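Colleague: Sequence plus predicted model, see below.
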Amino acid sequence: MATYVILLCAVNVGGTGKLPMAELRKLLERLGYTRVETYIQSGNAVVDAKGSAAKVARETAAALEQQMGAPVGVIVRLRDEMERVVARNPFGAEAAADGARVHVAFLDAKASAGAVDGLREIMTKNPARRDRFFLDGDVVYLHLPDGAAETKFTTKAMGRATGCAVTARNWNSVVKLTSMALRSS
């Protein structure tokens, strides 16, 4: 068994994709996952499961689509991958100062060639902002010193730029989920 962090895309965000976390826990337990624990209302879970991350993502996505009647994006990371995300944060001082202004966009695969150019183009859409990004394979680190509300780094825009499905979490959530995964093992 391995410990996984499950990140749902666009669940309980902006009034769409309503899924109470108690229902998510039950669904994950029905799939045979153990030590199921959710975090806040935006579709985060930590589980122990057999099989690969891809298998956990497929099983979870299929069960969610059946329950919700529509596809739900699912991105899964191993506990060790979450530790790597935390350790490699290029905005460490900013994250320590205000974890709500540092975000991690998790990609469902390694970013496509040309992704950096696409991400730079996003920055040009609002040059008055001080947003910064750092692409590291299958994650995009974001420092949003002016806040997340007006950034052009939306999951949709980053998906177009990277050629991947994307879901993002603020630094506080990333650290908490990693801590939960470490505690689970």
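Modeller: Here it is on my side, so go on.
Colleague: Which residue ranges of this structure form helices?
Modeller: Using DSSP state H, the helices of the chain run over residues 21-30, 53-68, 79-87, 92-97, 115-124, 155-162, 171-184.
Colleague: what separates the first one from the chain centre, distance-wise?
Modeller: The chain centroid and the centroid of helix 21-30 are separated by 19 Å, computed with CA atoms, centre = their mean, to the nearest Å.
Colleague: one step back: right, and the helices of the chain - which one's nearest Ala2?
Modeller: helix 79-87 (7.3 Å; CB to CB). The C-beta positions use only the backbone N, C-alpha and C, and glycine is treated the same way.
Colleague: For the closest one, name the packing helices and strands.
Modeller: With contacts taken as 3 or more CB pairs under 8 Å, 6 or more residues apart in numbering; DSSP states H and E, helix 79-87 sits against strand 2-8, helix 171-184.
Colleague: okay, these in JSON lines with mean pLDDT and mean neighbour count next?
Modeller: Shown next, in JSON lines, are these (pLDDT from 0 to 100; neighbours: other CB atoms under 10 Å):
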{"stretch": "strand 2-8", "mean pLDDT": "97", "mean neighbour count": "23"}
{"stretch": "helix 171-184", "mean pLDDT": "93", "mean neighbour count": "19"}
